[in-house]
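# Okay, sequence plus prediction incoming.
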Amino acid sequence: MAGHSKWAGIKHKKAVVDAQRGKLFSKVIRELTAAARLGGGHPEANPRLRLAAQKAREANVPKDVVEKAIKRGTGDLPGMSYDEMVVEGYGPGGVAILVEALTDNKNRTSAELRSLFSRLGGNLAGAGSVSWQFQKRGLIVLAAKGLSEERVMEIVVEAGAEDLKVEGDQFTVTTSLQAFETVKQALQQAAIPWESAEVTMIPSSAVRVDDPSQGKALLALLDALEDHDDTQHVYANFDIPDAILAEHAAA
């Protein structure tokens, strides 16, 4: 779990850099359109759209672009329709990987993701062979410096969090989907900032990858999957030593 949480923090920092380059725009826009198509165009009644709108704000997507993406999803404007797809597989070290994508061509996306797995030391698996190892949860990562564990515990548990763990220099808060926004609001009201806050798939168990070459190969595969244009989310059940993660983050 520690490796998974630290990776969530690294991905969030990378997303900030990507947002500055405009790299995230297309993925955020796709998610806005898909969320609006599936649950309607009102964020207050559509949790998925509300979260997508928040990510759009973090990526500095212009308001008019957000509004147009939502209207394409509701059918008020013409535009591309995206289908959801899930690809399951294994990476170096036997780590389970789950990829969620939005695409206008499932055959093309499937072939390209299969190629990435094959080229970077992984392999695809059948539907359902990996997904059972993950549960959808809210995950909030806080920098522990300057914070009292007891105070944070009191705030998040009272707001409905399921768990709080201390992992090195971070606090990791896990919530149900229903309590995610409430816990975030409680932290915000207490003036406690977070490094990352997302709805994610949390593994029920982790595969330890101690071998540096396997760890680097796994992270290279995960990065390549993340960078694919159609990919929205990548989840993996690994636990990698901090030194390997830190070297990867620095690179």
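Yes, it's here. Numbers count the residues shown, from 1 in each chain.
# drop to CA atoms for contacts and neighbour counts, all remaining ones
Fine.
# Walking through the stretch 51-200 of the chain, point out its helices one by one.
Using DSSP state H, counting those that start in this stretch, the helices of the stretch 51-200 of the chain run over 63-74, 106-119, 149-158, 180-189.
# Residues contacting the longest one, please?
In this case it means helix 106-119. The contact list for helix 106-119, computed with C-alpha atoms under 8 Å, 6 or more residues apart in numbering, reads 83, 85, 87, 89, 91, 103, 122-124, 221, 224-225, 230.
# 7 Å - rerun?
Thr103, Asn123, Leu124, Leu221 (C-alpha atoms under 7 Å, 6 or more residues apart in numbering).
# Farthest pair within those?
Thr103 and Asn123 (20.8 Å; C-alpha to C-alpha).
# Can you give the domain ranges for the protein?
Domain ranges of the chain: 2-74, 83-132+206-250, 133-203, per automatic domain parsing.
# what's the first-to-last distance across the last one?
With C-alpha to C-alpha, to the nearest Å as the measure, the first residue of domain 133-203 is 6 Å from its last.
# picking that back up, now flag whichever of the contacts of helix 106-119 is closest to Trp132.
The nearest member of these to Trp132, counting by C-alpha to C-alpha, is Leu124 at 15.3 Å.
# Kindly confirm whether my reading is correct that Met169 touches Val141.
Actually, residue 169 is Asp rather than Met. No: assessed by C-alpha atoms under 7 Å, Asp169 is found out of contact with Val141, at 10.3 Å.
# Mind checking which of these two has more residues around it?
Comparing Asp169 with Val141 by neighbour count (other C-alpha atoms under 10 Å), the higher total belongs to Val141, at 23 against 10.
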